[in-house]
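Enquirer: coordinates for the following, if possible.
(chains A and B)
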Amino acid sequence: MATELKELTKRADNYSQWYNDLVVKADLAEQSPVRGCMVIKPYGYAIWEKMQRELDRMFKETGVQNAYFPLLIPKSFLCREAEHVEGFAKECAVVTHYRLKNDPNGSGVIVDPEARLEEELIVRPTSETIIWGTYRNWIHSYRDLPILCNQWANVMRWEMRTRMFLRTSEFLWQEGHCAHATAEESEARTVQMINLYADFAEKYMAMPVIKGVKSANERFAGAVNTYTIEAMMQDGKALQSGTSHNLGQNFAKAFDVTFVNKDNQPEYVWANSWGVSTRLMGALIMSHSDDNGLVLPPHLAPIQVVIVPIYKNAEQLKQISSHIEPIVIKLKELGISVKYDDADNRRPGFKFADYELKGVPVRLVVGARDIEKGTVEIMRRDTLEKSEAPLEGIAGHVKSLLEEIQANIYQKALKHREEMTRTVETYDEFKQEIEKGGFILAHWDGTTETELKIKEDTKATLRCIPLDGDTTPGKCMVTGRPSRQRVIFARNY
RNA sequence: CGGGGUGUAGCGCAGUCCGGUUAGCGCACCUGGUUUGGGACCAGGGGGUCGAAGGUUCGAAUCCUUUCACCCCGACCA
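Expert: Next comes the predicted model:
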């Protein structure tokens, strides 16, 4: 299958074809019969679960609690915030009826026209509206604040074109929704969460990201400010990987959520929301994979170490297993997830290729000749390098190797991003450079008009105004008007 | 919704232009044996309303009409 994959890479006239094949071949997901939806298979879901676990822990460390709000939102709720509904109206699935009946004309079942809902229900594209409709009842005094809620849920956005993990009609995500007594506190939480996402991306996904602010044009519908983390994929395209929105008092006003402050004055509540989705899976796949398949960062790999025995008969297997079992125990004691694959319905060569395709970071191979020498063959997925190590103390060696791999793939991705990031001065230069892919740092006059012109001319979008970027002012590459700092443009997913 | 393409076994495809034995190949699957340090080999076996409907014909996967589905490139978007 590895060779198949290589051929596909060469043959594929685009990266997305290669990506799709990889998702299927690595057993992560497959397309469902329903347009634009996806079945996440056990191996893919195991990776998502690891992401969930770590994110959930990180959220809770900041005082966030989990809750759950309904899937269906009354249409009137969605329409309360004008910009918000405008942003999502075009891609909503709508529930109009609550019953089916047998077709009087014969075969099959039809929607019962008698069973029309008085008010249509929207399958949530995001939950701000239903949550703020609920918070209204929860909040009366400054003593009720802050509310720091997160929910793990599915949402639905009826997208025109879909791609597994990157953009599906239904996707899994977490959405945090906080209510605060002051603008400052809400802004601080908004920034805190984008920093948390960046930490997660870098420490767990081994994916370097750029933190920044979205332009007015790219902002979340209904937000006063949107923070983003932007990652670069191996083909040089940008992927928005997480967002944190400062919603100001927009939703509080739309849903009439007020509290009495310490001065006994009524005041609208300050809000923010933040989320990451299964899109992170797509980001993970596209950040590190190679022609042999997935490359998973050890911190998220469901199987961190696989051990493959090589034997000629049952007796030999038994002998090898007796050497391997203590290693398995030691690895587990060190908190390493290990799979000892002694299945005899697959030959070793098949197992090697298969675990590479699935991105397992470290492979140990033990055969009769290793037992004799007291060694083990050790292969690291990121570089595909093989070496021999003494059986004695192998667990400790593996533990440090996992950390080394984690650091190495991060560095590799960072190096790639840096090589693919250029600075330009003129619009002509920009048009040339954008064709080569990657991030382009350029001056921009801050207007939506200019931003849209650039998109029209080059298909590049303004990814973000970087938070940690160079803040030297300059002149807009298009209009020559003053620019406060360089911003990042790229083609994106 | 525009432009292009594809529907034939679980998957990937050939056959369609130019109608003609029982629709074929690779992978996968099943049985038996030999194998096992990089995706094993040999032998045997099972599996198809050729996307759907209608038409032309002695005869249709192949020609005609209609229709449906999916994929890719745009517009939209996390």
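Enquirer: can you list the weak-confidence ranges in the stretch 251-400 of chain A?
Expert: Under the criterion pLDDT under 70, no range of the stretch 251-400 of chain A is flagged.
Enquirer: all helices of it, in order?
Expert: A:279-288, A:314-333, A:348-357, A:368-373, A:394-419 (DSSP state H, counting those that start in this stretch).
Enquirer: the first one and RNA strand B, any residue contact?
Expert: Think helix A:279-288. Yes. Counting by CB under 7 Å from any atom of the strand, RNA strand B has neighbours in helix A:279-288: A:Arg279. C-betas here are computed from N, CA, C, even on glycine.
Enquirer: quick one: contacts of that helix?
Expert: With contacts defined as CB atoms under 8 Å, 6 or more residues apart in numbering, helix A:279-288 is touched by A:19, A:22-23, A:26, A:28, A:44, A:47-48, A:51, A:163-167, A:171, A:201, A:205-207, A:231, A:233-235, A:239, A:241-242, A:294-297, A:300, A:359, A:382, A:409, A:412-413, A:493.
Enquirer: give the contact list for the nearest residue to A:Glu175 once chain neighbours are set aside.
Expert: Leaving out its chain neighbours, the residue that sits closest to A:Glu175 by CB to CB, 6 or more residues apart in numbering is A:Gly275, at 4.3 Å. Listed by CB under 8 Å, 6+ apart, the contact partners of A:Gly275 are A:126, A:173-176, A:242-243.
Enquirer: can I get those residues in a markdown table with secondary structure and distance to A:Glu418?
Expert: Listed next are the contacts of A:Gly275 as a markdown table, based on DSSP: H, G, I helix; E, B strand; the rest coil; distance: CB to CB, whole Å:
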| residue | secondary structure | distance to A:Glu418 |
| --- | --- | --- |
| A:Thr126 | coil | 34 |
| A:Trp173 | strand | 30 |
| A:Gln174 | strand | 30 |
| A:Glu175 | strand | 32 |
| A:Gly176 | strand | 31 |
| A:Gly242 | strand | 21 |
| A:Thr243 | strand | 24 |
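Enquirer: restrict those to those near RNA strand B?
Expert: Within the contacts of A:Gly275, those near RNA strand B by CB under 7 Å from any atom of the strand are A:Thr243.
Enquirer: what about A:Lys312, neighbour count?
Expert: 9 (other CB atoms under 10 Å).
Enquirer: thinking again about what came up before, for ChimeraX, what selects the buried ones among the contacts of A:Gly275?
Expert: Burial among those is assessed by 16 or more other CB atoms under 10 Å; the matching ChimeraX selection reads:
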select /A:126,173,174,175,176,242,243
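Enquirer: just give the closest residue to the closest residue to RNA strand B within the stretch 351-493 of chain A, not the sequence neighbours.
Expert: For the stretch 351-493 of chain A, the residue closest to RNA strand B is A:Gly367, as judged by CB to the nearest atom of the strand, at 2.2 Å. Distance criterion CB to CB, 6+ apart; nearest residue to A:Gly367, sequence neighbours excluded, is A:Ile310 at 3.4 Å.
Enquirer: and that neighbour, how far from A:Ser387?
Expert: 17 Å (CB to CB, to the nearest Å).
Enquirer: the more surrounded of those two?
Expert: Taking neighbours as other CB under 10 Å, A:Ile310 and A:Ser387 compare with A:Ile310 leading, 17 against 12.
Enquirer: was I right to think the more buried one contacts A:Leu364?
Expert: No. The criterion here is CB atoms under 8 Å, and A:Ile310 misses it with A:Leu364 at 11.1 Å.
Enquirer: pretty sure A:Lys339 is touching A:Pro302, no?
Expert: No. Between A:Lys339 and A:Pro302 there is no contact under CB under 8 Å: 9.1 Å.
Enquirer: higher neighbour count, those two?
Expert: Between A:Lys339 and A:Pro302, counted using other CB under 10 Å, the more crowded position is A:Pro302 (19 against 15).
Enquirer: just give the nearest non-adjacent residue to that one, would you?
Expert: Leaving aside its chain neighbours, A:Pro302 sits nearest to A:Ala46 (3.8 Å; criterion: CB to CB, 6+ apart).
Enquirer: what pLDDT, on average, does stretch A:470-489 get?
Expert: Stretch A:470-489 carries an average pLDDT of 95.
Enquirer: how about that stretch: buried residues?
Expert: Buried-residue list, stretch A:470-489, by 16+ other CB under 10 Å: A:476-479, A:483, A:485-489.
Enquirer: cool, stretch A:28-38 as well?
Expert: In stretch A:28-38, counting by 16+ other CB under 10 Å, buried: A:28-29, A:31, A:36, A:38.
Enquirer: contact partners of that stretch?
Expert: So stretch A:28-38 is contacted by A:23-24, A:39-41, A:43-44, A:47, A:158-159, A:162, A:164-165, A:168-170, A:281, A:285, A:294 (CB under 8 Å, 6+ apart).
Enquirer: these in strands, which ones?
Expert: Counted as lying in strands by DSSP state E, out of these, are A:39-40, A:170.
Enquirer: show me the shaky parts of the stretch 1-150 of chain A.
Expert: For the stretch 1-150 of chain A, the ranges with pLDDT under 70 are A:1-14, A:105-108.
Enquirer: which parts of it are strands?
Expert: Using DSSP state E, counting those that start in this stretch, the strands of the stretch 1-150 of chain A run over A:29-31, A:38-40, A:65-66, A:72-74, A:94-97, A:100-102, A:109-111, A:116-123, A:147-156.
Enquirer: got a markdown table for the helices of the stretch 251-400 of chain A, with distance to A:Glu81 too?
Expert: Below are the helices of the stretch 251-400 of chain A laid out as a markdown table (distance: least, CB to CB, whole Å):
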| stretch | distance to A:Glu81 |
| --- | --- |
| helix A:279-288 | 24 |
| helix A:314-333 | 50 |
| helix A:348-357 | 46 |
| helix A:368-373 | 65 |
| helix A:394-419 | 36 |
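Enquirer: any chance of these in CSV, plus mean neighbour count?
Expert: Formatted as CSV, these follow (neighbours: other CB atoms under 10 Å):
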stretch, mean neighbour count
helix A:279-288, 25
helix A:314-333, 15
helix A:348-357, 17
helix A:368-373, 14
helix A:394-419, 17
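Enquirer: before we move on, the earlier item: can you tell me which of the buried residues of stretch A:28-38 lies nearest to A:Tyr355?
Expert: Using CB to CB, A:Leu28 is the member of the buried residues of stretch A:28-38 that lies nearest A:Tyr355, at 14.3 Å.
Enquirer: give me phi/psi at that closest one?
Expert: phi -90, psi -40 (degrees, to the nearest 10).
Enquirer: check whether stretch A:338-347 contacts RNA strand B.
Expert: Yes. On the criterion CB under 7 Å from any atom of the strand, stretch A:338-347 is in touch with RNA strand B at A:344, A:347.
Enquirer: can you pull up the most central residue in chain A?
Expert: Nearest to the mean C-alpha position of chain A, counting by CA atoms, centre = their mean, stands A:Leu280 at 1.5 Å.
Enquirer: just to revisit the earlier point, report how many residues lie close to the residue nearest to A:Pro302.
Expert: 16.
Enquirer: that one and RNA strand B: what is the separation?
Expert: Using CB to the nearest atom of the strand, to the nearest Å, one obtains 18 Å as the distance from A:Ala46 to RNA strand B.
Enquirer: how is chain A carved up into domains?
Expert: According to automatic domain parsing, chain A is divided into the following domains: A:2-288, A:305-401, A:421-490.
Enquirer: now the longest one, how far from the chain's geometric center?
Expert: From the chain centre to the centre of domain A:2-288 is a distance of 11 Å (CA atoms, centre = their mean, to the nearest Å).
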